[in-house]
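>>> quick one: sequence plus predicted model below, questions after.
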Amino acid sequence: MPSVKFRPFADDDFESLSDIYGRLWCDARREDEMRLFGAVAVATYLSISPHSIVAEHDGRAIGCALGRVAGEASPSQWRWHRNLLIKAARAFYPELSRRMHDQLLVDRRELDVAATYLQSDDDCTSAELNLLMVDPDTKGLGVGGRLFDLMRRKLDAEGADGFFLMTDDECDFAFYDHKGLSRLASYESQTVPGAEGEGREVKLPGIYIYGQTFRQER
Ligand SMILES: CC(C)(COP(=O)(O)OP(=O)(O)OC[C@H]1O[C@@H](n2cnc3c(N)ncnc32)[C@H](O)[C@@H]1OP(=O)(O)O)[C@@H](O)C(=O)NCCC(=O)NCCS
């Protein structure tokens, strides 16, 4: 896609990226709810990602890649933002708050899976790609591929031996097969009781861990 600039994250990108995340992964009908859902997620990923690459087109962020090398300090101000946004959702958007509870169950399971994987001595544990997404309107135009390649190069340049990522069957995970990553582990989808009881059940998606070592490429 011509005239796309790639650069680090700036605070002004937060709104556009929250909007993209909400459109990709939140099935709320109201636009403000989708955006708030996206804002919580993007703040969460920023809070664990010292490295960022944003794709900008016409002055607006249209995609990003966020990552971290093991042992690096994370930008803690985003954790504060995230907690504030969750409180706002609880106070003003009860239906969205329920969705967020469900999402927390998904996140917790992914964290448990990641924690188990991180105990292995695999070279891929030395860095993590935390988020990769592009605006749904610009899919298939080369932006995501470029963001991925730039972040992979960045993590390599930071001295990581390799990297891994968590994805699930609600994502375009075949992209990582296409990019030559190995699937390191798979966990089937599960149905669990909803966080707030009431006999509700929540379907947790199947989870995949993908990874790649850099030494093979050198
Ligand atoms: C996955 C995603 C980042 C790809 O970005 P994109 O801009 O659409 O991809 P590109 O146009 O740059 O494609 C780059 C290459 O990947 C291939 N590709 C793109 N999406 C693919 C998919 N879903 N499955 C397999 N290959 C894919 C393209 O054919 C292209 O191949 P080539 O370089 O050999 O020509 C984007 O579709 C997206 O944001 N999806 C929703 C969020 C998501 O699922 N993120 C990743 C998992 S968490």
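Okay, I see it. Numbering: from 1, shown residues only.

>>> contacts and neighbour counts: CA atoms only from here.
OK.

>>> and the nearest residue to residue 81 once chain neighbours are set aside, what does it touch?
When the adjacent residues along the chain are set aside, residue 81 lies closest to residue 43, with 6.5 Å between them (C-alpha to C-alpha, 6 or more residues apart in numbering). By C-alpha atoms under 8 Å, 6 or more residues apart in numbering, the contact set of residue 43 is 78, 79, 81, 82.

>>> just the buried residues of those.
78, 79, 82 (16 or more other C-alpha atoms under 10 Å).

>>> for this structure, which residues are neighbours of the ligand?
Contact residues (C-alpha under 6 Å from any ligand atom) of the chain with the ligand: 132-134, 139-146, 167, 171-175, 178.

>>> so which of these belong to helices?
143, 144, 145, 146, 174, 175, 178 (DSSP state H).

>>> and those residues, which of them are buried?
Counted by 16+ other C-alpha under 10 Å, these give 143, 144, 145 as buried.

>>> pLDDT averaged over stretch 194-210 - what is it?
Per-residue pLDDT values over stretch 194-210 give a mean of 83.

>>> what about residue 177, how many neighbours?
11 (other C-alpha atoms under 10 Å).

>>> which residues touch the closest residue to it other than its chain neighbours?
Counting by C-alpha to C-alpha, 6+ apart, residue 177 lies nearest to residue 183, which is 7.7 Å off, once chain neighbours are set aside. Applying C-alpha under 8 Å, 6+ apart, we find residue 183 in contact with 177, 208, 209, 210, 211.

>>> need those in TSV with distance to residue 124 and secondary structure, can you?
TSV is the format used below for the contacts of residue 183 (distance: C-alpha to C-alpha, whole Å; DSSP: H, G, I helix; E, B strand; the rest coil):
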residue	distance to residue 124	secondary structure
177	16	helix
208	14	strand
209	10	strand
210	9	strand
211	6	strand
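
>>> ok so, going back, restricted to helices, list the buried ones among the contacts of residue 43.
Using DSSP H, the buried ones among the contacts of residue 43 in helices are 78, 79, 82.

>>> save those as a markdown table, and put in pLDDT too.
Shown next, in a markdown table, are those (pLDDT from 0 to 100):
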| residue | pLDDT |
| --- | --- |
| 78 | 93 |
| 79 | 91 |
| 82 | 91 |
